[in-house]
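Just a sequence and a predicted model for now, questions to come.
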Amino acid sequence: MVNPGDMQIKFVPGTAGYVLEDVPHFTDYLPHLPTYPNPLQDNPAYSVVKQYFVNVDDTVTQKIVVHKDSPRGVHFRRAGPRQRVYFESDEVHACIVTCGGLCPGLNTVIREIVCGLHYMYGVNKILGIDGGYRGFYAKNTVTLTPKVVDDIHKRGGTTLGTSRGGHDTSKIVDSIQDRGINQVYIIGGDGTQKGAAVIFEEIRRRGLKVAVAGIPKTIDNDIPVIDKSFGFDTAVEEAQRAINAAHVEAESIENGIGLVKLMGRNSGFIAMYATLASRDVDCCLIPESPFYLEGRGGLYEFIEKRLKENGHIVIVIAEGAGQDLLSESLQSMDQQDASGNKLHQDVGLWLSHRIKEEFGKKKMPINLKYIDPTYMIRAIPSNASDNVYCTLLAHSAIHGAMAGYTGFTVGPVNGRHAYIPFNDVGKAALFNKPAELLEPRDIAEAKKEELPATSLLDGENCKETKVNK
Ligand SMILES: Nc1ncnc2c1ncn2[C@@H]1O[C@H](COP(=O)(O)OP(=O)(O)OP(=O)(O)O)[C@@H](O)[C@H]1O
Ligand SMILES: O=P(O)(O)OC[C@H]1O[C@](O)(CO)[C@@H](O)[C@@H]1O
Ligand SMILES: [Mg+2]
């Protein structure tokens, strides 16, 4: 089996340190395929727009903060429609699959792939794979038409179902081949994109004219390179309701403590952004920045200080935070989900008990309300801005597949949509972090991995984990 890490990336060097990290194309292994004029040329909705098509040489830079003499760095191929395509409309047989955890916007992406293929490229054969990767070989498919998907974007979840585990590359590619599918749209997180990478490699090994396009999904926002993952905004917005409730409860009672646990398996993006947006949070605890409970500078000391000053405190904790402390005091669970992701213990519940215990010992009465909106923030439909974003992702994926690109993930890099090699999406999520949220630990990690120093330049502006009002 091919490991995603073993895959070759097409590096195209240019002058002044310019590097294009290109994505694979059919012509890399099927050199003599015919091309056709893009049907969008004749579409009245598009033909009026000046310069609708993307120039084949357009690229998007990963690094926009540069110095006079610094190399121009890594670039990605710009997403968008091309003048020539590698499929005739009635030749396309597409399929869509969703894998991993839920995320607001999954249905919007599905809807826009179906509608985009149909209305922009005249495609009529689109299958939905039921229940994630294993659905390729273990379940029936559903036929997707614009009518079938018409209002699915108004619902949370994924109309196709999803799953973890069950990725069997040979069986999946056999199923793709047997069904005559030639465009595969794969929506999912880092694990899913790794799975997509091995599917692509197997397809290339078999010499099939099948485009594999990934659409990155995770509310954790921990996919590198791209600016932001879809559904993240919606999740942060929904988290405000929980924080608000915690604040109302805490400030209405003497020594009130509102504690909210938010998703983020190994990343604190949701917790941090929800905190910054709310302004009601006194303390935000994230996995990227370790904390401790006792002694000077510890959490107990901070809580006591805040209660004495303000009479109440609101704490937000990401689900992956403090797991080292939990395993010290509880028996280590060491369990995994079906995809091999480590299952965390409930840090919110644990912290509630510890705080109650500590202030009980101190004989300082407190009133702690623990709110755990975990699945509520991701099982909802996407908001307006995520809907627009999902549409752009779906369209970028379609244009790329039609133009013969394959083995790529779509996403915005510094605001411009681009085609990114699968490999890049499997790396650590450091690039994704806003400079002002970088921690010294990030910098140490990055140095260990010998990432280009330039990607960390802005990290000098570090910030403490505790967010004071
Ligand atoms: N290295 C890998 N190679 C092949 N398949 C993989 C790999 N990692 C994960 N997968 C498959 O990808 C699918 C989704 O993986 P996972 O459960 O880790 O979720 P994810 O895509 O990372 O989404 P999220 O973590 O945001 O919920 C699963 O079916 C899993 O078997
Ligand atoms: O309980 P499930 O569905 O396996 O998913 C939980 C995980 O999925 C995510 O929402 C996305 O990775 C994480 O924040 C969370 O740990
Ligand atoms: Mg994941």
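Done, it's in. Residues are numbered from 1 along each chain as shown. Ligands and ions are numbered 1, 2, ... in the order given.

secondary structure element for Val198?
Assigned by DSSP states H and E, Val198 belongs to helix 190-205.

do that helix and ligand 1 meet?
Yes - judged by Cβ under 6 Å from any ligand atom, helix 190-205 comes into contact with ligand 1 at 190-192, 194-195, 198. Glycine gets a C-beta too; all of them are placed from N, C-alpha and C.

Gly100: what's it in contact with?
Contact analysis of Gly100 by Cβ atoms under 8 Å, 6 or more residues apart in numbering lists 132, 162, 164, 188-189, 191-192, 217-218, 339.

Of the residues of helix 190-205 next to ligand 1, select the buried ones using a ChimeraX command.
Selecting only the buried entries of these in ChimeraX, with 16 or more other Cβ atoms under 10 Å as the criterion:
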select :190,191,192,194,195,198
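
Switch the residues of helix 190-205 next to ligand 1 over to CSV; also include distance to Ala138 and pLDDT.
Formatted as CSV, the residues of helix 190-205 next to ligand 1 follow (distance: Cβ to Cβ, whole Å; pLDDT from 0 to 100):
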residue, distance to Ala138, pLDDT
Asp190, 23, 92
Gly191, 18, 93
Thr192, 17, 95
Lys194, 20, 94
Gly195, 15, 97
Val198, 18, 97
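
Please name every helix or strand in contact with the helix or strand harbouring Gly360.
According to DSSP H and E, Gly360 maps onto helix 347-361. Using 3 or more Cβ pairs under 8 Å, 6 or more residues apart in numbering; DSSP states H and E as the contact definition, the elements that helix 347-361 packs against are strand 256-262, helix 299-310, strand 312-318, helix 323-329, strand 367-371.

Adjacent strands (with direction) for the following helix or strand past the helix holding Val198?
Using DSSP H and E, the helix or strand that directly follows helix 190-205 along the chain is strand 211-216. Sheet pairing of strand 211-216 (DSSP bridges) gives strand 183-188 (parallel), strand 408-413 (parallel).

picking up where we left off before, pick the most buried one from the helices and strands packed on helix 347-361.
The highest average neighbour count among these, using mean count of other Cβ atoms under 10 Å, belongs to strand 312-318 at a mean of 28.

Quick check: nearest residue in space to the residue in the chain positioned nearest to ligand 3, chain neighbours excluded?
Distances between the chain and ligand 3 by Cβ to the ion are smallest at Gly189, namely 3.7 Å. Nearest non-adjacent residue to Gly189, counting by Cβ to Cβ, 6 or more residues apart in numbering: Thr218, 3.9 Å away.

got a list of what Ile203 touches?
173, 176, 210, 212, 406.

Mind doing that once more with 7 Å?
Counting by Cβ atoms under 7 Å, 6 or more residues apart in numbering, Ile203 touches 173, 210, 212.

Mind checking which of those are buried?
173, 210, 212.
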